[in-house]
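> compute the structure for the input listed below.
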Amino acid sequence: MRALAISLIVASFAWPVVLAGATWELVENRAPIWSGVVYAAASKVCHQRPERSFHTAGVKWPVCGRCSGLYLAAPIGALAAGVAIRRRTTAPRQMTWLALAAVPTAITLAVEWLNLAPVSSLARALAALPLGAMIAFVLVRTASGEP
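The predicted model follows:
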């Protein structure tokens, strides 16, 4: 397995831990220097809207519910790809599976945009789980040079 693929697997575990650590730092009322950096970095990939985010002890998480679901599922997909690579199993129709994994997220987006019903942060996170796992799976397989 290539170094880039291994790095992606490690990063898929590290990023949720970093996000949780930043939140915990603020919950514990510690000096928010490190958490400020993490929240600023997360703002580059997430809108961080409070009404769409989880909160712990009154502290908003660094990313919204949907991003939380993506990041929490990524280690599962990354590990699955690593196992598949080591066992030399093929990944049939990765892009088809990726498109299917995006369906729950697309449904929540459509419901939100069309104002059909309110969508909770939990619903956004749960809908994003398959997509997060599949994105990580495809990225790790691609980084390893596997088809």
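
> so which bits of the one helix or strand residue 12 maps to are buried?
Here residue 12, judged by DSSP states H and E, is contained in helix 3-27. Residues of helix 3-27 classed as buried by neighbour count (16 or more other C-beta atoms under 10 Å): 5, 8-9, 12, 15-16, 18-20, 22-23, 25-26. All C-beta atoms are positioned from the backbone trio N, CA, C, and that covers glycine.

> what of stretch 39-53?
39, 42, 46, 48, 52, 53.

> out of those residues, the closest to residue 135 would be?
Checking those against residue 135 with C-beta to C-beta, the nearest one is residue 46 at 14.9 Å.

> check for me that the closest one belongs to a helix.
No. Assessed with DSSP: H, G, I helix; E, B strand; the rest coil, residue 46 is coil; it does not lie in a helix.

> for the helix or strand of the chain with the lowest mean pLDDT, C-alpha coordinates in CSV please.
One helix or strand of the chain scores below all others by mean pLDDT, DSSP states H and E: helix 33-42, with a mean of 92. Presented in CSV, the C-alpha positions along helix 33-42 are these (Å, rounded to 0.1, in the frame of the first residue of the first chain):
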residue,chain,number,x,y,z
ILE,A,33,-5.7,29.1,21.2
TRP,A,34,-5.6,25.6,19.7
SER,A,35,-9.3,25.3,19.3
GLY,A,36,-9.3,28.7,17.5
VAL,A,37,-7.0,27.3,14.9
VAL,A,38,-9.1,24.2,14.5
TYR,A,39,-12.4,26.2,14.2
ALA,A,40,-10.7,28.5,11.6
ALA,A,41,-9.5,25.6,9.6
ALA,A,42,-12.9,23.9,9.7
